[in-house]
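Student: Structure of the sequence below:
(2 chains)
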Amino acid sequence: MDFFDRFAVPHPSFLIYGAMVSIAIAMIAVVVGITYFKKWGYLWREWLTTVDHKRIGIMYLIVALLMLFRGGVDAIMMRYQLSMPDNTFLDSQHYNEVFTTHGIVMILFMAMPFITFFFNYLIPLQIGARDVAFPRLNALSFWLFFMGAMLFNMSFVVGGSPDAGWTSYFPLAGNEFSTSVGTNYYMIAIQIAGMGTLMTGINFITTILKMRAPGMKLMKMPMFTWSAFIANVIVVFAFPVLTVLLAMGTMDRLFGTNFFTTDNGGMDMLWANLFWVWGHPEVYILILPAFGLYSEIISTFARRNLYGYKSMVASMVVISIFSFLVWAHHFFTMGQGPLTNSIFSITTMAIAVPTGVKIFNWLFTLWKGKIVFPTPMLYSILFIPLFTLGGVTGVMLAMSAADYQYHNTMFLVAHFHNVIIPGVVYAMIAGLTFYWPKMFGFMLNEKLGKWTAWLLSVGFVLAFIPMYITGLDGQARRMYTYSESTGFSALNMVSFIGAAIMAVAFALLVYNIYYSIRYASRDIGNDPWDARSLEWATHTPVPEYNFAIIPEVASTEAFWDSKKKGHELFKGKIEKIHMPNNSPIPFIMSCLFFAFGFSMVFSIWPVAIIALIGILACLTYRSFEKDHGRYISVEEIKETEAKLRGAKK
Amino acid sequence: MKVDNSLPLEYSTEENSLKILGFWIFLGAEIMLFATLFAAYFTLENRLGNGPSGAEIFEITPVLVETLLLLTSSFVIGLGIHAMRLGNKKAMMIFFSITLLLGAGFLGFEIYEFIHYVHVGATLQTSAFTAILLTTLGTHGLHVTFGLFWGLFILIQIKKRGLTPETANKSFIFSLYWHFLDIIWIFIFSFIYLKGMM
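Tutor: Okay, the predicted model is just below:
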């Protein structure tokens, strides 16, 4: 094959050429725009080199929203393709690529950065700290994740997308059956992003264990911080499995090893097992912080403290342990035998117990509360029944004998969307609406927000409930078309209409952001929701150092008690504050990782070696660097505080 | 920077104690990484294809020498940290140098061992067993190689800057890493070599 042939898209279509042109135009527009407004210096100083957890958080948010729309376009294309029998909108290869990238983008490049945005923005504020434990490492985490995401997204215009499903099972994903470089992108882009996630995990565990405000014992932490802590523990134990797995997959594809091949002793089921040893805990990494957000929102708007704090914590710990003991339920039909299947059936069903405890705790929090219904609360209340429905179908799937009927059908697709959309996506939007005023100093429009919530829910029900039925009738997932005689067409059309309504809801969310930027009142104070935990005790916008005086905490709901019971949070006087310096190293190092990843995908070894040397040089530089941070003087703090207090109503 | 003199130098600032805890958590992740490799190894151990088995290619002599070198280096770095706590910069640097030399010796024997494997037809591509064997050993070997450079940089910094809270912290964290590699080697020795040769 000619050198440049490898970079061509193996299976071009009108849609891909359209995407190429629009990507090129968008990139030119961004570069021209930044140059025209002379913002390069600002971008470099304030964002690319920043180590401030709040700014890093906002960058995660921007990537998550962009990826939400990229994955959303994939979803709409799939639903349109299936809305009519024998549709020719997408061919089989293109459909394979679309469902593969939809899965990876939505899980790893939308949901993961979205929760990491909440970790970054909220945890230091919730525990009364000034930054995370390792600010520089935090910046490196973000940029590695960002470069991994960009590398992955490049695939569909340079060399072709991965097409073996988001699970990328071997032997399908091996060289024999996946001949384009698409699966190389999968192996390497996720590896780079995964390293970033692992560092995030280490960083936040250390932050939460060591940097809590005085008086904040572990059992006095806000529930979101608890959920984030447990999610990060899962990250630290699950992501190394992915690291090894992807390294082995990369070696199979690039170096001709025989880990997962069908000859020379290779074992394809090893991939499936290891993938889900990481993959199943991964879904709990997503859902636990979502649960944490719901806990914050529900207790805020029920105007009550969270019911069953201890059982909430205990149930999350139990879920985190069980999350490592259920992986084989993803392939009951692949021949482990009845004993293994039974054990994994039981562990899977057992997870419903702690999850049920959490559902009841939320309901009891509402009981006798003075409930109000702003947008975040509306999402939380819609979440409870919809998520429970998804949980119940999960228990159906957990029955290994019955799973032979459900396996690889649209029933399964309906189930996991039914837990992930009301569980994670609603929580993300609810949390975004809830914390928007904290970040930007104005609220999102309530009327538009409620319209979004209802449209999203109607769209969701129309899009996914029909899949349960077609799935039970035998419609297989990942099939690009079906014939008229199957009788699936009417329900699939309903699904498409639902998906279109969801698309309208997401567009409305964007319009809401635009509308609120233009028209929303800026005069909202520091605590517009009458909330309960420490993040609301500081100014809006949050100053660089978060808290001029580190708060002293006496109860679980420190801020609420300071408002209602007169607990004094900020004792003592202002002292100079130590802050970390900005650094270009994380950004530069991640660019080198991008170059390394790209040249690995296409086996351009000289560039890969040069980039690797560059990465090691960055590490060496870091080892010898003397950087003791800087101090913000007392006068400067007092000036900032006076200005912010003036802005308050 | 607040320095608490009642604590050992490597723990004496808040930043230092954060770094030590962070590194312990990182070692937790490393344990998972090697645990995954071991799980894959045990799964693929008897899947030989047309290639040789462990019993056919393992040689006891270099393995024993490697084990001795690495275990001794782990002991010596312990002495180095002890010297550091006593504030004896010179002794500490000597012990760290010996550690790195023993580590380099280990690596030399491991490279010899790899050449031997390739020589007897057990390459990365031969079978699932040889692939996972060389990957597991190679991952450990890469860690040692990385450690040699890391340790060398720390040694240079101690020579230039003396025993400060910062350099003491780096040395202590490096010693944790080195002990960890030693423990992993004990598992490799027992469950790959001894089990394979029995």
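Student: Please enumerate the helices of the stretch 1-150 of chain A.
Tutor: Along the stretch 1-150 of chain A, the segments classed as helices by DSSP state H, counting those that start in this stretch run A:14-36, A:40-42, A:53-83, A:92-104, A:112-126, A:135-154.
Student: Include mean pLDDT, distance to chain B and mean neighbour count when you put the ones you listed into CSV, please.
Tutor: Heads up, the C-betas are built off the backbone N, CA and C, glycines and all. Shown next, in CSV, are the helices of the stretch 1-150 of chain A (pLDDT from 0 to 100; distance: least, Cβ to the nearest Cβ, whole Å; neighbours: other Cβ atoms under 10 Å in any protein chain shown):
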stretch, mean pLDDT, distance to chain B, mean neighbour count
helix A:14-36, 88, 35, 11
helix A:40-42, 90, 30, 11
helix A:53-83, 95, 14, 20
helix A:92-104, 93, 21, 22
helix A:112-126, 96, 13, 27
helix A:135-154, 95, 8, 24
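Student: Indicate which one of those is closest to A:Phe442.
Tutor: Closest to A:Phe442 of the helices of the stretch 1-150 of chain A is helix A:53-83 (Cβ to Cβ; 15.0 Å).
Student: Quick one: distance of that closest one to the chain centre.
Tutor: 10 Å (Cα atoms, centre = their mean, to the nearest Å).
Student: Would the host helix or strand of A:Met251 count as contacting chain B?
Tutor: Using DSSP states H and E, A:Met251 sits in helix A:223-254. Yes - remark: helix A:223-254 sits within contact range of chain B at A:Val236, A:Phe237, A:Ala238, A:Phe239, A:Pro240, A:Val241, A:Thr243, A:Val244, A:Leu245, A:Ala247, A:Met248, A:Met251, by Cβ under 8 Å from any Cβ of the partner chain.
Student: Show me how to select, in PyMOL, the buried members of the residues you listed.
Tutor: Of those, the buried ones can be selected in PyMOL as follows, counting by 16 or more other Cβ atoms under 10 Å in any protein chain shown:
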select buried, chain A and resi 236+237+238+239+240+241+243+244+245+247+248+251
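Student: what about the helix ranked longest in chain B and chain A, any contact?
Tutor: Identified as the longest helix of chain B according to DSSP state H is helix B:128-161. Yes - using Cβ under 8 Å from any Cβ, we find that helix B:128-161 touches chain A at B:Ala128, B:Phe129, B:Ala131, B:Ile132, B:Thr135, B:Phe149, B:Trp150, B:Phe153, B:Ile154, B:Ile156, B:Gln157.
Student: Export those residues as JSON lines, with columns for pLDDT.
Tutor: Rendered in JSON lines, the data for those read as follows (pLDDT from 0 to 100):
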{"residue": "B:Ala128", "pLDDT": "95"}
{"residue": "B:Phe129", "pLDDT": "95"}
{"residue": "B:Ala131", "pLDDT": "95"}
{"residue": "B:Ile132", "pLDDT": "96"}
{"residue": "B:Thr135", "pLDDT": "96"}
{"residue": "B:Phe149", "pLDDT": "96"}
{"residue": "B:Trp150", "pLDDT": "96"}
{"residue": "B:Phe153", "pLDDT": "96"}
{"residue": "B:Ile154", "pLDDT": "96"}
{"residue": "B:Ile156", "pLDDT": "96"}
{"residue": "B:Gln157", "pLDDT": "96"}
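Student: Out of those residues, who's the most crowded?
Tutor: Taking other Cβ atoms under 10 Å in any protein chain shown as the neighbour criterion, B:Ala131 ranks highest of the residues of helix B:128-161 next to chain A with 31 neighbours.
Student: farthest pair in the residues of helix A:223-254 next to chain B?
Tutor: Applying Cβ to Cβ across these, the maximum distance is between A:Val236 and A:Met251, 24.1 Å.
Student: Could I get the pLDDT score of A:Ala499?
Tutor: At A:Ala499, the pLDDT value in this model is 96.
Student: Now A:Trp605: closest residue in space that isn't a chain neighbour?
Tutor: A:Ser599 (7.3 Å; Cβ to Cβ, 6 or more residues apart in numbering or on different chains).
Student: what about the one you found, how many neighbours?
Tutor: 19.
Student: now stretch A:156-165: mean pLDDT?
Tutor: Per-residue scores along stretch A:156-165 average to 89.
Student: Other residues contacting that stretch?
Tutor: Here stretch A:156-165 makes contact (Cβ atoms under 8 Å, 6 or more residues apart in numbering or on different chains) with A:6-11, A:16, A:19-20, A:23, A:93, A:96-101, A:103-104, A:155, A:168, A:172-173, A:177-178, A:180-183, A:185-186, A:478, A:601-602.
Student: how does it look with 6 Å?
Tutor: Among residues not part of stretch A:156-165, those counted as contacts by Cβ atoms under 6 Å, 6 or more residues apart in numbering or on different chains are A:7, A:9-10, A:20, A:96-97, A:100-101, A:155, A:172-173, A:178, A:180-183, A:185-186.
Student: so how far is that stretch off the chain centroid?
Tutor: For stretch A:156-165, the distance to the chain centre is 22 Å (Cα atoms, centre = their mean).
Student: how about the CA coordinates for that stretch, as PDB?
Tutor: Coordinates of each C-alpha in stretch A:156-165 appear next as PDB, following Å, rounded to 0.1, in the frame of the first residue of the first chain:
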ATOM      1  CA  PHE A 156     -13.400   9.300  10.800                       C
ATOM      2  CA  VAL A 157     -11.700  11.800   8.500                       C
ATOM      3  CA  VAL A 158      -8.200  10.500   8.600                       C
ATOM      4  CA  GLY A 159      -7.800   6.700   8.000                       C
ATOM      5  CA  GLY A 160     -11.300   5.600   9.000                       C
ATOM      6  CA  SER A 161     -13.200   5.100  12.300                       C
ATOM      7  CA  PRO A 162     -13.100   2.000  14.500                       C
ATOM      8  CA  ASP A 163     -15.800  -0.400  13.500                       C
ATOM      9  CA  ALA A 164     -15.800  -3.300  15.900                       C
ATOM     10  CA  GLY A 165     -18.200  -2.000  18.400                       C
END
